[in-house]
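J.: all I have is the shape, not the residue letters:
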Ligand SMILES: Nc1nc2c(ncn2[C@@H]2O[C@H](COP(=O)(O)OP(=O)(O)OP(=O)(O)O)[C@@H](O)[C@H]2O)c(=O)[nH]1
């Protein structure tokens, strides 16, 4: 029962270990998933921001290119004959930039159909502007048409841009601020360009500015004021674009002082009927120059935001990789620890338990251990081995001592004390049907053997007698040397016939024994027997009875058995 309990407790320990391993695996997987999903989401969002903003950058760039191209187109329309070639070259250069950036827009950003439509809108507008490569402005209506068709082509593209912006924001709401502000910058560039366009024809034709243009100027200024206000509301960009606000203010200052001031004075001149203080070509050039910083402003903003998004993405990726590496290391450590404890500590301890159980049961145990066992457990193995050796030595010693305390050293039969103890136990098992029989035996004239042949010869006789008694005894018989040349046997037997036969066989055997003196002199011996039987009585009483019978055998001539019923 105890053994079973020990075996099941060993199995339990292993079960608990596997249970803990499974629990650790599940918990670390949940923790890993939780940590990884957060880092993954952060990285994914940062990466999305980079991609989306990059896409938006492409689309916005074309808007900016178109605004710029419009300004060069205005310059060409208004330029005097001698400057036509230079203005044409600048316009060509600007158109190349627009076409290059348009070609770069991937099909999934703006549909090919939409791009085709933009190009189709652009082509006739450009053709109308190209009429002014050779001829100077003569018909203001034709010139206005050329300028308006360029504005219409830009408007068409802007519609597509707005649609795309709202799609971006749906995809990645976290980029809302930067994308709206970038769009506002693009709008600002466009609105400031359109403002100047309202004055080009009146200035070129030296006519008052029509009311419609004055209203358009007023709406344009309001639009620009709203855009300036919107751009002041900086979000997180304030941290990673520290010089941007300053650049914004200086751009505004430059535009107010040069562009807006020029427009305002032209409007006053128009309303007061004065001639314009600047000719159309100069106006176009100077106004275009006052818008130069808008392109830089947009470039600074877009490049800064993109750089920030790329940096954020790199940081998020680094964080994600660190989390992955840490989790892998942690998982490996946890697994390693579990397997270390299992193979180097737990299994050896279970083996130690087996060895200790074996030692308790008195079995010889093999205390060899695996080299990979933990050092402390190895020491335990070695100590247990030593303990086992010592216990076995102790057991052997105590067995020897016990045998010595119970044995007669000459004949190896039980001594008197052991005979009394074992004989007393046997007597307790006796019953009327199976009484105990006690036979006392004493060598006849043993003194004369000693005297005649010497003490060593007497010893040999005693040893030979002991051998003879053992030879005739049965398992369970208790045989002892009571002292000197006196021996006794006690056993249980149902009837005296058996005892008589047994005693006679021993008596005859002793008679047949042949001994030699120190010089080979032959002699033989006889012995006298006293028998007693009984149950439920003390051994000492039976010994007294047998002794009395032995006394009788001695007195009645020796070499005989007395006391049998
Ligand atoms: N050799 C030897 N002799 C022993 C030992 N123990 C006792 N004796 C001797 O045994 C002898 C016993 O002699 P007694 O008691 O006179 O008896 P006995 O000579 O046998 O005479 P009966 O018994 O009357 O026949 C003594 O001489 C003891 O010294 C022993 O261990 N070895």
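T.: Ah, there it is. Just so you know, these numbers come straight off a predicted model, no measurement behind them.

J.: show me how the record splits this structure into domains.
T.: In terms of domains, the chain is parsed into 12-322, 366-406, 416-562 (source: automatic domain parsing).

J.: any idea which of these gets closest to residue 352?
T.: Relative to residue 352, the nearest member of these by C-beta to C-beta is domain 366-406, separated by 6.0 Å. C-betas here are computed from N, CA, C, even on glycine.

J.: relative to the whole chain's centre, how far out is the helix or strand harbouring residue 102?
T.: Residue 102 belongs to helix 84-104 when assigned by DSSP states H and E. Centroid separation for helix 84-104 versus its chain: 61 Å, with C-alpha atoms, centre = their mean, to the nearest Å.

J.: isn't residue 477 up against residue 491?
T.: Yes: here residue 477 reaches residue 491: they are 4.3 Å apart, a contact under C-beta atoms under 8 Å.

J.: compare those two (neighbour count), which wins?
T.: residue 491 (21 against 18; other C-beta atoms under 10 Å).

J.: that one: what secondary structure?
T.: strand (DSSP: H, G, I helix; E, B strand; the rest coil).

J.: tell me the buried residues in stretch 185-202?
T.: For stretch 185-202, burial by neighbour count (16 or more other C-beta atoms under 10 Å) applies to 185-202.

J.: what about that stretch, average pLDDT?
T.: For stretch 185-202, mean pLDDT is 88.

J.: what residue ranges in the chain score low on pLDDT?
T.: 1-11, 13, 168-169, 171-174, 364-374 (pLDDT under 70).

J.: closest residue of it to the ligand?
T.: residue 458 (2.6 Å; C-beta to the nearest ligand atom).

J.: who's in contact with residue 204?
T.: The contact partners of residue 204, by C-beta atoms under 8 Å, 6 or more residues apart in numbering, come to 78, 137, 140, 143, 279-280.

J.: let's see that with 7 Å instead.
T.: 78, 137, 140, 143, 280 (C-beta atoms under 7 Å, 6 or more residues apart in numbering).

J.: tell me the secondary structure for the second one?
T.: Meaning residue 137. Strictly by three-state DSSP, residue 137 counts as coil.

J.: how much space separates it from residue 201?
T.: Separation of residue 137 from residue 201 (C-beta to C-beta, to the nearest Å) stands at 8 Å.

J.: need the residues touching each of those two.
T.: By C-beta under 7 Å, 6+ apart, the residues touching both residue 137 and residue 201 are residue 143.

J.: just the strands from this structure, written as ranges.
T.: Using DSSP state E, the strands found in the chain span residues 436-443, 478-483, 486-492, 515-516, 522-523, 527-534, 561-562.

J.: what's the closest non-adjacent residue to the residue of the chain closest to the ligand?
T.: Spatial nearest neighbour of residue 458, chain neighbours left out: residue 450 (4.2 Å); criterion: C-beta to C-beta, 6 or more residues apart in numbering.

J.: that neighbour contacts residue 460, doesn't it?
T.: No: at 11.3 Å, residue 450 does not count as touching residue 460 under the criterion of C-beta atoms under 7 Å.

J.: where along the stretch 201-350 of the chain do the helices fall?
T.: With DSSP state H, counting those that start in this stretch as the criterion, the stretch 201-350 of the chain has helices at 211-232, 237-240, 244-254, 261-271, 280-290, 292-340, 347-360.

J.: my read is that residue 416 contacts residue 484, right?
T.: No: with contact defined as C-beta under 7 Å, residue 416 does not count as touching residue 484 (10.8 Å).

J.: the two: who's more crowded?
T.: residue 416 (15 against 12).

J.: ok, and the closest non-adjacent residue to residue 129?
T.: residue 73 (4.4 Å).

J.: tell me, how many residues neighbour the one you found?
T.: 29.

J.: could you shift the numbering so residue one becomes 11, and keep it that way?
T.: Right, with 11 as the first residue, what we last looked at is residue 83.

J.: can you pull the contacts of it?
T.: 101, 139, 160.

J.: between the residues you listed, which has the most around it?
T.: residue 160 (27 neighbours).

J.: and the gap between that one and residue 104?
T.: 11 Å.
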